[in-house]
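**Student:** Return atomic coordinates for the entry below.
(2 chains)
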There are 2 protein chains.
Amino acid sequence: MRKSFHESLQDLKNDMLKMGSMVEDAINKSIRALKECDLELAQKVKDEDDKIDDMEIILEEKCTKLIALQQPVAKDLRMIIVISKLVTDLERIGDHASNIANMVLEIGDEPLIKPLIDIPRMTEIVNRRLRESLDAFVNMDIDLAKKVAQEDEEIDVIDEQILRELLTFMMEDPRTIKQATSLMFISRFLERIGDHSTNICERIVYMVSGEREAY
Amino acid sequence: MRKSFHESLQDLKNDMLKMGSMVEDAINKSIRALKECDLELAQKVKDEDDKIDDMEIILEEKCTKLIALQQPVAKDLRMIIVISKLVTDLERIGDHASNIANMVLEIGDEPLIKPLIDIPRMTEIVNRRLRESLDAFVNMDIDLAKKVAQEDEEIDVIDEQILRELLTFMMEDPRTIKQATSLMFISRFLERIGDHSTNICERIVYMVSGEREAY
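**Tutor:** Model (predicted):
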């Protein structure tokens, strides 16, 4: 029996949440690999990125088929197109986790130049915002979407702070330069992940209300 | 009189090419601002990014309307969905140009620590690949798409080379550290722009042939 449109849409949303969990897991693992200097774990994050890439293609395919078979209009069509774009945001977030893992491999097993405080804090915020943005989508919660989009600045401030602190390390001791630049890139990757949550939330707000304002 | 589906599709492609030119122009201006230390031009790139953001929303809207009104299936539907994703790639490329402009403003009017050779060379390659990827889409030229996707490594090699060279500057003279990190980020933004052209080409290959191979 052919699934109803709303059953198929629900399946699609569930798949998207599953992809969201995979991505969050990749972010957590990449930062744990950094903290614990666990190069095997970093390599695992890189290897598992293929699965996230596959999910994007599978979900895009499902979106296209659902449009072709059921020819939804108005709100339903808009929602499927938004899903097809959200999965690309998720895939890019997966790429950033993989990029972080790359940096961890570059740092290798040399001891960290400083205890990590801001980066794990930033990771928590980034992951919370990612979960909230997907929740906002699934529940069509425009207030939550607006809140998450507006909070983007918090991450930018931490990123800026990390950059400045690392610059002082580099200036005081040139031996820290190589690792410090790797940590800078990691911080910047986390910041980019945060941007994707903002994109997701802006799409939700636009889909529901037609408001195009950037937060 | 209502436009035929193929007229509307042609309009959409033309708009997309126009957006591609805007984006290319933004990349060129941001790098010219860097070379000529032209802070006004850098600010202009940032200000004009809004227009690129608007284009994304307008083109997405056109894609959604075209699907809703004409209910295309199979190849035509797939093509419109690909366009709706390409415009997001173009918008992100615009963001990267704006990020480069930000870095130019951070460097300010201090003299460059070295003559720029690799960054302008990378910019030329990045812009050529962007043009080629859009040409490949408009002409459904799968050979060109494969060629562009495969050439991604050239840019990664230059980015890596720039990073290494800047690291040596930083180690030799700590006064160069701040500007060198800005130049590193600029190189990385160009590399990300290159990734978007690869994404575009991979989408074209998949759309035409169903091959999912990453290049």
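**Student:** Report pLDDT for residue A:2.
**Tutor:** On pLDDT, residue A:2 comes in at 64.
**Student:** what's the answer for residue A:214, then?
**Tutor:** According to the prediction, residue A:214 has pLDDT 54.
**Student:** Assign a three-state SS to the residue nearest to residue A:194 when sequence neighbours are not counted, would you?
**Tutor:** Spatial nearest neighbour of residue A:194, excluding adjacent residues (C-beta to C-beta, 6 or more residues apart in numbering or on different chains): residue A:155 at 4.0 Å. In this view, the C-beta of every residue, glycine as well, is placed from N, C-alpha and C. Of the three states, residue A:155 takes helix according to DSSP: H, G, I helix; E, B strand; the rest coil.
**Student:** correct me, but residue A:155 touches residue A:126?
**Tutor:** Yes. Between residue A:155 and residue A:126 there is a contact under C-beta atoms under 8 Å: 6.5 Å.
**Student:** Who has more neighbours out of the two?
**Tutor:** With neighbours defined as other C-beta atoms under 10 Å in any protein chain shown, residue A:155 and residue A:126 compare such that residue A:126 has more, 25 against 22.
**Student:** Now that one, what are its backbone angles?
**Tutor:** Dihedral pair for residue A:126: phi -60, psi -40, per degrees, to the nearest 10.
**Student:** Could you measure from it over to chain B?
**Tutor:** Look at residue A:126 and chain B: by C-beta to the nearest C-beta, to the nearest Å, they are 18 Å apart.
**Student:** What residues does chain A have near chain B?
**Tutor:** Within chain A, the residues that sit near chain B (C-beta under 8 Å from any C-beta of the partner chain) are A:53, A:57, A:60, A:63-64, A:67-68, A:71, A:73-74, A:77-78, A:81, A:84-85, A:88, A:163, A:167, A:170-171, A:174, A:177-178, A:181, A:184-185, A:188, A:206, A:212, A:214.
**Student:** at 7 Å instead, please
**Tutor:** Applying C-beta under 7 Å from any C-beta of the partner chain, one finds that chain A approaches chain B through A:57, A:64, A:67-68, A:71, A:73-74, A:77-78, A:81, A:84-85, A:88, A:167, A:170-171, A:174, A:177-178, A:181, A:184, A:212.
**Student:** Let's see which of those residues end up in helices.
**Tutor:** Of the positions in the residues of chain A next to chain B, A:57, A:64, A:67-68, A:74, A:77-78, A:81, A:84-85, A:88, A:167, A:170-171, A:177-178, A:181, A:184 sit in helices, assigned by DSSP state H.
**Student:** tell me the centre residue of chain A?
**Tutor:** Nearest to the geometric centre of chain A sits residue A:93, at 3.6 Å (C-alpha atoms, centre = their mean).
**Student:** if I look at the residue nearest to residue A:194, how far off is residue A:169?
**Tutor:** Computed as C-beta to C-beta, to the nearest Å, the residue A:155 to residue A:169 distance reads 21 Å.
**Student:** residues in contact with stretch A:42-62?
**Tutor:** With C-beta atoms under 7 Å, 6 or more residues apart in numbering or on different chains as the test, stretch A:42-62 has contacts from A:12, A:15-16, A:19, A:22-23, A:26, A:29-30, A:33, A:84, A:87-88, A:91, A:94-95, A:97-98, A:101-102, A:104-105, B:212.
**Student:** name the helices or strands packed onto the strand or helix carrying residue A:92?
**Tutor:** Assigned by DSSP states H and E, residue A:92 falls within helix A:74-107. Helix A:74-107 makes packing contacts with helix A:5-35, helix A:39-70, helix A:177-209, helix B:39-70, helix B:74-107 when contacts are defined by 3 or more C-beta pairs under 7 Å, 6 or more residues apart in numbering or on different chains; DSSP states H and E.
**Student:** at 6 Å what do you get?
**Tutor:** If you count contacts as 3 or more C-beta pairs under 6 Å, 6 or more residues apart in numbering or on different chains; DSSP states H and E, helix A:74-107 packs onto helix A:5-35, helix A:39-70, helix A:177-209.
**Student:** what is the rounded mean pLDDT of that helix?
**Tutor:** Per-residue pLDDT over helix A:74-107 has a mean of 95.
**Student:** Any buried residues in it, and which?
**Tutor:** Residues A:76-104, A:107 are the ones in helix A:74-107 that count as buried (16 or more other C-beta atoms under 10 Å in any protein chain shown).
**Student:** before we move on, what about stretch A:49-56?
**Tutor:** Residues A:49, A:52-53, A:55-56 are the ones in stretch A:49-56 that count as buried (16+ other C-beta under 10 Å).
**Student:** so where is chain A shaky, pLDDT-wise?
**Tutor:** Applying pLDDT under 70 to chain A flags residues A:1-2, A:212-215.
**Student:** go again using 50 as the cut-off
**Tutor:** Along chain A, segments meeting pLDDT under 50 are nowhere present.
**Student:** Contact partners for the residue nearest to the centre of chain A?
**Tutor:** By C-beta atoms under 6 Å, 6 or more residues apart in numbering or on different chains, residue A:93 lies in contact with A:23, A:193, A:196.
**Student:** Closest to chain B out of those residues?
**Tutor:** residue A:196 (10.0 Å; C-beta to the nearest C-beta).
**Student:** Quick check, residue A:30 in contact with residue A:101.
**Tutor:** Yes. With contact defined as C-beta atoms under 6 Å, residue A:30 reaches residue A:101; the gap is 4.6 Å.
**Student:** what sits up against stretch A:159-169?
**Tutor:** Taking C-beta under 6 Å, 6+ apart as the rule, stretch A:159-169 contacts A:113, A:118, A:176, A:180, A:183-184, A:187, A:191.
**Student:** quick one: which two of those are the most distant?
**Tutor:** A:176 and A:191 (21.1 Å; C-beta to C-beta).
**Student:** so how far is chain B from residue A:56?
**Tutor:** Taken as C-beta to the nearest C-beta, the span from residue A:56 to chain B is 10 Å.
**Student:** now swap in residue A:5 and tell me
**Tutor:** 14 Å.
**Student:** Tell me how far the nearest residue to that residue once chain neighbours are set aside lies from chain B.
**Tutor:** In space, and not counting its chain neighbours, residue A:5 is closest to residue A:70: 4.8 Å by C-beta to C-beta, 6+ apart. In this structure, residue A:70 and chain B are 10 Å apart, going by C-beta to the nearest C-beta.
**Student:** Am I right that residue A:70 is in contact with residue A:7?
**Tutor:** No. Residue A:70 is not in contact with residue A:7 according to C-beta under 6 Å; the separation is 10.8 Å.
**Student:** What residues does residue A:181 make contact with?
**Tutor:** Residues near residue A:181 by C-beta under 6 Å, 6+ apart: none.
**Student:** same deal with residue A:187?
**Tutor:** With contact taken as C-beta under 6 Å, 6+ apart, residue A:187 is in contact with A:159, A:162.
**Student:** I am finished for the moment; much appreciated.
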